[in-house]
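[1] sequence-free structure coming up:
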């Protein structure tokens, strides 16, 4: 490049900067996705007579971020480009559980760990899988959540369970993967509701006929 060409480029760059323009294209904002459940949560027959706090799941890297993750081989994680969850994966899972437990009516009240109100019970969870995989059988989504129901007054562990959901995806596109996440999230929510209503609760928290009669018109 000649000295005259260099001066011309410098003048053009200076003019662009002076006018408030940039010669570099602005990156497209990422698509923001939610864990949209595809199946409604049925109402339970009898509610546990207690308020439940749902803690945000514990999660280590890379599950504690907002990237939508793929695991093409057992030893490697990758993320889908230009797309992310609306919040971190633990918060998305927590909000899904809270909404599903409220919809089911399984407890007298359900709150998150950001709510300062008191609660008799706490649902403590650990998120150990929230990603897509591509085994020989085809693309799939995996969600794994370890559950503990804690009685807040005694700090007793009332019940424990690990739920692992493996949901096939219709294809490898990001939209098909996110759709599979929604189906897997529906299965996870339904299993958590069923499990949460069968813990060995103290007698005063268990549904009773007298409690059911008082709620009838």
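    Cool, got the structure. Predicted model only: the values in this text are computed from it and were never measured.

[2] Which parts of the protein are helices?
    All helices of the chain, identified by DSSP state H, fall at 3-18, 89-104, 174-196, 209-214.

[3] What mean pLDDT does the second one get?
    Okay, so that is helix 89-104. Averaged over helix 89-104, pLDDT sits at 98.

[4] How about the shortest one?
    Here the mean pLDDT over helix 209-214 is 44, rounded to a whole number.

[5] Same question for the third one.
    Here helix 174-196 scores 97 as its mean pLDDT.

[6] where in this protein is pLDDT low?
    For the chain, the stretches flagged by pLDDT under 70 are 1-27, 207-217.

[7] mind running it again at 90?
    Within the chain, the set of residues satisfying pLDDT under 90 comprises 1-29, 39-40, 206-217.

[8] Is residue 185 in contact with residue 37, as I believe?
    Yes. Counting by Cβ atoms under 8 Å, residue 185 touches residue 37, with 5.5 Å between them. To be clear about C-beta, it is placed using only N, CA and C from the backbone, and glycine gets the same treatment.

[9] And the two? Which one has more around it.
    Each of residue 185 and residue 37 has its neighbours counted (other Cβ atoms under 10 Å); residue 185 has more, 26 against 21.

[10] Name the surrounding residues that touch stretch 56-63.
    69, 77, 79, 88-91, 93-94, 112-113, 124-131, 145 (Cβ atoms under 8 Å, 6 or more residues apart in numbering).

[11] let's go with 10 Å and repeat that
    64-65, 69, 71, 77-79, 87-95, 97, 112-114, 123-131, 144-147 (Cβ atoms under 10 Å, 6 or more residues apart in numbering).

[12] Drop anything exposed from the residues you listed.
    64-65, 69, 71, 87-95, 97, 123-131, 144-147 (16 or more other Cβ atoms under 10 Å).

[13] Return the subset of those residues lying in strands.
    69, 71, 123-131, 144-147 (DSSP state E).

[14] Count the neighbours of residue 137 for me.
    Using other Cβ under 10 Å: residue 137 sits among 9 other residues.

[15] wait, it sits on residue 169?
    No. Counting by Cβ atoms under 10 Å, no contact exists between residue 137 and residue 169, whose distance comes to 11.0 Å.

[16] roughly how far apart are residue 106 and residue 74?
    For residue 106, the distance to residue 74 (Cβ to Cβ, to the nearest Å) stands at 36 Å.

[17] Residue 31 too?
    Residue 31 is 28 Å from residue 74, by Cβ to Cβ.

[18] the more surrounded of these two?
    residue 31 (14 against 7).

[19] what's near enough to touch the nearest residue to the more buried one once chain neighbours are set aside?
    Spatial nearest neighbour of residue 31, excluding adjacent residues (Cβ to Cβ, 6 or more residues apart in numbering): residue 83 at 4.4 Å. Residues near residue 83 by Cβ under 10 Å, 6+ apart: 30-33, 66-68, 174-175, 177-178.
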